[in-house]
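*Asks:* Sharing a model prediction with you, sequence too.
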Amino acid sequence: MLLKENIPVGYIIGKIRKELLAVTLYAAVVAAVHEYVGWARVELPLAVPMIMGTIISMLLAFRSNQAYDRWWEARTVWGSIVNDSRTLARQVNTLSKEVYQGDEFFFFKQRFIKRQIAWCCSLSRSLRQQPAAEGLERYLVKRDLEHIGQFTNVPMALLELHGHDLQQALDNGWINTFQQVEVDRTLTRLCDAMGRCERIKNTVFPATYSLYIHFSLVFFFTLLPFSLIDVFGTLLFIPAMVAIATAFFLVEKMAIHLQDPFESKPTDTPMTAICATIERDLRQVINESYPTELVPQKKKHFYIL
Amino acid sequence: MLLKENIPVGYIIGKIRKELLAVTLYAAVVAAVHEYVGWARVELPLAVPMIMGTIISMLLAFRSNQAYDRWWEARTVWGSIVNDSRTLARQVNTLSKEVYQGDEFFFFKQRFIKRQIAWCCSLSRSLRQQPAAEGLERYLVKRDLEHIGQFTNVPMALLELHGHDLQQALDNGWINTFQQVEVDRTLTRLCDAMGRCERIKNTVFPATYSLYIHFSLVFFFTLLPFSLIDVFGTLLFIPAMVAIATAFFLVEKMAIHLQDPFESKPTDTPMTAICATIERDLRQVINESYPTELVPQKKKHFYIL
Amino acid sequence: MLLKENIPVGYIIGKIRKELLAVTLYAAVVAAVHEYVGWARVELPLAVPMIMGTIISMLLAFRSNQAYDRWWEARTVWGSIVNDSRTLARQVNTLSKEVYQGDEFFFFKQRFIKRQIAWCCSLSRSLRQQPAAEGLERYLVKRDLEHIGQFTNVPMALLELHGHDLQQALDNGWINTFQQVEVDRTLTRLCDAMGRCERIKNTVFPATYSLYIHFSLVFFFTLLPFSLIDVFGTLLFIPAMVAIATAFFLVEKMAIHLQDPFESKPTDTPMTAICATIERDLRQVINESYPTELVPQKKKHFYIL
Amino acid sequence: MLLKENIPVGYIIGKIRKELLAVTLYAAVVAAVHEYVGWARVELPLAVPMIMGTIISMLLAFRSNQAYDRWWEARTVWGSIVNDSRTLARQVNTLSKEVYQGDEFFFFKQRFIKRQIAWCCSLSRSLRQQPAAEGLERYLVKRDLEHIGQFTNVPMALLELHGHDLQQALDNGWINTFQQVEVDRTLTRLCDAMGRCERIKNTVFPATYSLYIHFSLVFFFTLLPFSLIDVFGTLLFIPAMVAIATAFFLVEKMAIHLQDPFESKPTDTPMTAICATIERDLRQVINESYPTELVPQKKKHFYIL
Amino acid sequence: MLLKENIPVGYIIGKIRKELLAVTLYAAVVAAVHEYVGWARVELPLAVPMIMGTIISMLLAFRSNQAYDRWWEARTVWGSIVNDSRTLARQVNTLSKEVYQGDEFFFFKQRFIKRQIAWCCSLSRSLRQQPAAEGLERYLVKRDLEHIGQFTNVPMALLELHGHDLQQALDNGWINTFQQVEVDRTLTRLCDAMGRCERIKNTVFPATYSLYIHFSLVFFFTLLPFSLIDVFGTLLFIPAMVAIATAFFLVEKMAIHLQDPFESKPTDTPMTAICATIERDLRQVINESYPTELVPQKKKHFYIL
């Protein structure tokens, strides 16, 4: 769930406490040696960390951009899932003769639209590596539940069932041939959205880039004290080191979190909230009420990244 | 409303007056201590703020780019809403037999095109978190008004009604099966545009990035005086600090405003003006005159961001 | 018209003569004070303009990128107008039975394709804020001319007429239902292109960004002399200032020109030339000759930006 | 196969051992001369490598971005191949009358879906410059195998066969005319994906950019020792040179690997794993079991780039 | 033709020999004056070229990015021409009844597919400003050759002929109405690709940007010697200047070459090779053999940019 509330500073710092601890200890050791072991004093001109700082901040900019793009694409895909779910509901509900068509047709519509809710839920669960078929009893009829049991990829099985139902609706004369093809196109878009989520989930950010940026940071903080200790003096030196380290490691950590938007962290794509929105909108299409208080139950998490 | 008129300098400065006041006070304190408390003089080489300045300006560049992209995407989505509203009007008006079809068909066209104007208005209102159904009596027939009362998502309900009307037009033989599917595709695009607006509205810019950039700026301005005070001398020092602070905080503030383009600020997407344009164009299609002086009523706001 | 010919240096410099004059005067005053009023000498280390130069050049890079994107999108939209006009001509010309269909059908084709030329011209004129309906007598039949008189948005009215003609062609049996929908889709793309042009035209580049960049430049050139005057000496100082100022202001001015591609400047989208190309290609489809020497009449302008 | 496991540091360093060796030797020679041949001491101010470092890191940023884009586009294309393969299976399976249609229709479905698996495999093999028709006996019927023998471009021949089968299905009345066109559209998307892969494969990254960046690095490391040797002292000088060289050459090497995503390196697009996923999903559609342990056989490679 | 072979260093240097010669002469003059005319010695701190170097490298980055984008878009458009040509061949070949349809239908297919090869060739030739209709006798029947003689825009005329043939095929009952519209859509995509090529060809890169970047470089190299001559000493000074100049001018030249991808340079889009690939693939569809050794005839050129 995306919230704008204030984030406790402690939470942010907590993400990088290991790095900060290491930097503090290292700075303390350097300060002690500098103070008491005169012959071991090493001094570097500030130009050396400046060269490195330029390169590191460019790499961090590159990384932030790519991580943000992954996160934003994930969000965009789920936005298009919302759109296509609504479109599917509208098409199933309106692309059919207005004349009375008996109970069977009414149940067909219900089954179809609830199956779409199930599709969203199961996709969300499988992206979070939870059992995808769990909790679908609320939405699916028995025959459908049995059918999906044979499939590894549950959302794909549900799209299959959508397809079969469409063909049956055509055979029964509830929709015409154009409408079948048009709704099938919506299924194709949903299939695309599913594949795009899987692609983001399964493609790791090139690992050596991550590694290299981390190494560069370590190297940078190994050299930095020897340039700063005389500038700041022993008194201000340690807090200055910690402040600079906080800045750099925080940017790195933010990129790391953004780049994997389907990992059940408080920072990932809010799939549960999106699914709840879809369920509310789709149930209203088939005139079912929906308890709106289901959404805000996760308020304890703040949107941190 | 987007205007190119001159923006009073006061307005711009007003946006960042809190930050400027804080910087001025801080600089004054530093100058006083520097002047009168000799032993507390701290001097930093300019290289330290230079390293930080490079990183901060890269982060501001990253932020400006992403904020601009959100703003431009919001504008693009509303551009496509204009296009698809016009397309819908053209299709409803021309994709039907030319032969005389009685009053019922004439009222159908009127109802449909006015409902599209209502859709634009209600989407604009719901994005600004105003009651979405308000003021739609001018455009909708009674039955439609009752129908949308049951829905949380009013624009989606209006698309449903579009869909039902299309099916009815098909059943009445006013349009053929191809035309139904083609117009339905336009509805699908409108549904996409609606979802994209909601996505931009509901997805906050990653909060720790904002926070971090602000912290970095505060840290930067905490250190800067100790590098500048000797360079500029006590006389020029305070105006120089204020000038530099104005530059940095203004860029930050501009990005913050641009990144939320649906917040009823003078800087957001000009949805009211766009809706008025759509209303004018669509009413002319059904030969209704439209009082053009409705648009310029907001002239008091200048386009500030 | 886009030309690669050499651009006189005078033309380029002329665009920024006001800024250059101001900088020269200011530099001269600083030099005079420095030379004759010893106690007023102020010297700044070069590091101060270096920090500012980094930030300013990043802002200029941001600005150049966004301005270039607007300019390139405008060019792309007009490229797609060329494509869709040709597609429309091909469809109208070939998507119909080959058998002889009498004069009426021949005139229908002529009227349709010439109306498309008129659409391009009127869109071009309305983007340049010239009366959109002027000069269309060469392309439109009388009935069409009367019809568009009632509309504020002339290009949209012409698309309406396209749509009505298509429906009539369907009723007459000249095209089949598929073909009607397919050509209507081309009209939809043209409607999109029109809307995209209007969006670029009506959306100003965020004004405070422009303002802020200009202020930063002024502030930068206020400080710069005090860093340079000792480095270059009084003799070389003024030309050096002018050279650096030329560089910065030229980049700023180029971005300003590129960002508004529909403003009747020699640098905007070459809509007149593009319309002439469309007219030539479309007239050849209906076997009319077209005087090719219409295009090069604007040769006096060089493509400056 | 993309893995997140820890990558041995040795593997990473191994990629650039030649460059590191050269830098180490050169640094040693410079150190020796500096130590023992007093008159040959050359010293450069740090500002010289700083200017060069800025330019080089910008070029590396440009290069990294373009290489990442190629790699990500390749991954995206294969993601869309997954999507369209699933869509094709769904369409073939559900876009046809539900009534019993005899064995022939059942075999048609089987043949079609297995041929799609074959298409993925042969595209993957031809991109890796292995014989494309090898190993297809598991998926194709004899007649198809003979047909593709006449073609240089095996995947294109398989799409041809898809097309012929579709036409036959239409002639037999298994699908209707709409459905034929709709499935053909999926074939068109697959054809596009194939062409996009070939484009990335066949278009080398502009060679002089690569060359130039490498030359710049060599020049940079030729000058750097003369700026660093006094700063670090002879003792720390050589490890410092190696550390900086590791950083720069690693970034260069990463870009080089990412930019060619179809070269049978452990770092390329995981086409074998993707094909296995497609095979598993498509076989389940036709109710064939698939031995899932085929995938993890390549675990010895770690995803290094 | 794109090759990865080693590029002779001489070739690369040859592209910028004029600039290098000028820089060498200028550096020699400065060195001589510095050595023998003591009173004319001018020295500048390194910070001055550092400020300029930052701005110039940003402008070069901007330029490289835009030039690369133009080049890559050109390559992408030709990639989509390959895809759509193959799609067209598949559609013409398979979207028609399998039953025997006489010689006339066989010749229709042949004529159509060969005309598509002709379209690619003529587009390639007209982009290179060679006579577009030359050499088409190998592919076109006499009647078509006569028809295109009346058109300025030969590829557009060939699309017209495609359209007429499609309509005739519909009238003869070889294809159905759906198939006609579907193939027409492929023609529309080809028409788009043609227009996109023309757009890139006809739109020059904003000329003042090019000019300005060149002026900045000249100004930069005018000042640089006065900062470097003392640092490097008279002996190393001239080779250092040449090395730095090589770096900057090479980046500029690379961008200049990449930005015009249709200029018959060894570095442009390999349209001849792409056309040969299309010809090979399309001829195999109609079972004609194609001498594959036509492609490698251009091996003497190396892909230099």
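*Replies:* Ah, there it is. Numbers count the residues shown, from 1 in each chain, chains lettered A, B, ... in the order given.

*Asks:* wait, what's in contact with A:V251?
*Replies:* Residues near A:V251 by Cβ atoms under 8 Å, 6 or more residues apart in numbering or on different chains: A:L60, A:S64, B:L59, B:Y212. Any C-beta I mention is one placed from the backbone N, CA and C, and that applies to glycine too.

*Asks:* Same check on A:K18?
*Replies:* Counted by Cβ under 8 Å, 6+ apart, A:K18 has zero contacts.

*Asks:* Next secondary structure after the host helix or strand of it?
*Replies:* Element membership of A:K18, judged by DSSP states H and E, is helix A:17-36. Sequence order places helix A:47-94 as the next helix or strand after helix A:17-36, per DSSP H and E.

*Asks:* helices or strands next to the helix or strand harbouring A:R283 in the packing?
*Replies:* If you go by DSSP H and E, A:R283 is part of helix A:271-285. Packing contacts for helix A:271-285, counted by 3 or more Cβ pairs under 8 Å, 6 or more residues apart in numbering or on different chains; DSSP states H and E, involve helix A:47-94, helix A:102-127, helix B:154-171.

*Asks:* top helix in chain A by residue count?
*Replies:* helix A:207-258 (DSSP state H).

*Asks:* tilt between it and helix D:47-94?
*Replies:* 70 degrees (axes from the mean of the first three to the mean of the last three Cα atoms, to 10 degrees).

*Asks:* Centre of the chain to helix A:207-258, how far?
*Replies:* 27 Å (Cα atoms, centre = their mean, to the nearest Å).

*Asks:* which secondary structure elements does the lowest-mean-pLDDT helix or strand in chain A contact?
*Replies:* The least trusted helix or strand in chain A, going by mean pLDDT, DSSP states H and E, turns out to be helix A:9-15, with a mean of 72. Applying 3+ Cβ pairs under 8 Å, 6+ apart, one finds that helix A:9-15 contacts helix A:207-258.

*Asks:* Measure how the helix it packs on sits relative to helix A:17-36, angle-wise.
*Replies:* Calculated by the same axes, to 10 degrees, helix A:207-258 forms an angle of 110 degrees with helix A:17-36.

*Asks:* Could you tell me how many residues sit around A:L21?
*Replies:* 11 (other Cβ atoms under 10 Å in any protein chain shown).

*Asks:* repeat for A:D281
*Replies:* Quick note: A:D281 (other Cβ under 10 Å) scores 20 neighbours.

*Asks:* Please report how far it lies from chain E.
*Replies:* Noted for A:D281: a distance of 33 Å to chain E, by Cβ to the nearest Cβ, to the nearest Å.

*Asks:* same check, this time on A:H164
*Replies:* In this view, A:H164 and chain E are 24 Å apart by Cβ to the nearest Cβ.

*Asks:* Also A:E35?
*Replies:* When distance is defined by Cβ to the nearest Cβ, A:E35 is 34 Å away from chain E.

*Asks:* Once you drop chain neighbours, what's closest to that residue?
*Replies:* Once flanking residues are discounted, A:E35 sits nearest to A:T234: 5.9 Å by Cβ to Cβ, 6 or more residues apart in numbering or on different chains.

*Asks:* cool, A:T177 as well?
*Replies:* In space, A:T177 is closest to D:F178, 4.9 Å off (Cβ to Cβ, 6+ apart).

*Asks:* do A:F262 as well
*Replies:* Leaving aside its sequence neighbours, A:F262 sits nearest to A:L127 (Cβ to Cβ, 6+ apart; 4.4 Å).

*Asks:* got the contact list for that neighbour?
*Replies:* Contacts here follow Cβ under 8 Å, 6+ apart; on that basis A:L127 touches A:C197, A:E198, A:K201, A:F262, A:M271.

*Asks:* Redo the helices and strands packed on helix A:271-285 as CSV? Include mean pLDDT.
*Replies:* Shown next, in CSV, are those (pLDDT from 0 to 100):
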stretch, mean pLDDT
helix A:47-94, 88
helix A:102-127, 90
helix B:154-171, 91
